[in-house]
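Asker: With the sequence up front, the predicted model follows.
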Amino acid sequence: MPFRLWGRWERIRQEELSTTIKIQESDRAILRSHMANLHGNPRSIKRFVNTYLLAKGINTLTSLNLPEELKLEDLAAWLVLLQSWPHYGSLLTGHAARVKAQKYEPLFPEGWAKSIVTEEPPPELIAFVQSNREKLERLASSSRGLDIARCFSFFTVDA
């Protein structure tokens, strides 16, 4: 009997995952909203779409037992940060983990760039963070959002 239940559970997970990794209409709106931040390069846009779908699939698999809903637009904003500015995105991911662990508020205070990074970040990055601050902070404060985003951070940053 337990094996039968496990088989059903596995089928449900597979069905949910196959539905999730397809681009839905709601995904199109999220993806369109970030195209300008990907610098219009078709290869980077395709990479972002694939990364987004993979992160969405990970979110689906990890959320089957958890009540909290992670907002996909928050996850997408963090993925843009990591793809468009990988070094700074990784620094901010490390910073967000420290902020979350020590319960600092807020994640991006006034003058955040100078307190987090040693060199002046690109103006496009600062503008992106300013316009997506709420989404980035919401993802960083969620129970699993930062863990999912960290999967796509390609630089190791000392804590």
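Answerer: Cool, the structure landed.

Asker: Can you name the residues that contact the nearest residue to V129 once chain neighbours are set aside?
Answerer: Setting aside the residues directly before and after it, V129 is nearest to F108 in space (C-beta to C-beta, 6 or more residues apart in numbering), at 6.0 Å. The way it works is simple: take the backbone N, C-alpha and C, and place the C-beta from them, glycine included. F108 makes contact with V129, R133, L136, E137, according to C-beta atoms under 8 Å, 6 or more residues apart in numbering.

Asker: what helix or strand does the second one sit in?
Answerer: Element membership for R133, per DSSP states H and E: helix 123-141.

Asker: And that helix, what's buried?
Answerer: L125, F128, V129, N132, K135, L136, E137, R138, L139, A140, S141 (16 or more other C-beta atoms under 10 Å).

Asker: same thing with stretch 54-67?
Answerer: Across stretch 54-67, burial judged by 16+ other C-beta under 10 Å covers A55, K56, I58, N59, T60, S63.

Asker: just curious, which of those is nearest to A96?
Answerer: Relative to A96, the closest of the buried residues of stretch 54-67 is A55; by C-beta to C-beta it sits at 15.8 Å.

Asker: What residues does that closest one make contact with?
Answerer: Contact partners of A55, counting by C-beta under 8 Å, 6+ apart, are L75, L79, I148, A149, C151, F152.

Asker: With distance to V117 added, can I get the buried residues of stretch 54-67 in CSV?
Answerer: What follows is the buried residues of stretch 54-67, written out as CSV (distance: C-beta to C-beta, whole Å):
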residue, distance to V117
A55, 24
K56, 29
I58, 27
N59, 28
T60, 33
S63, 32
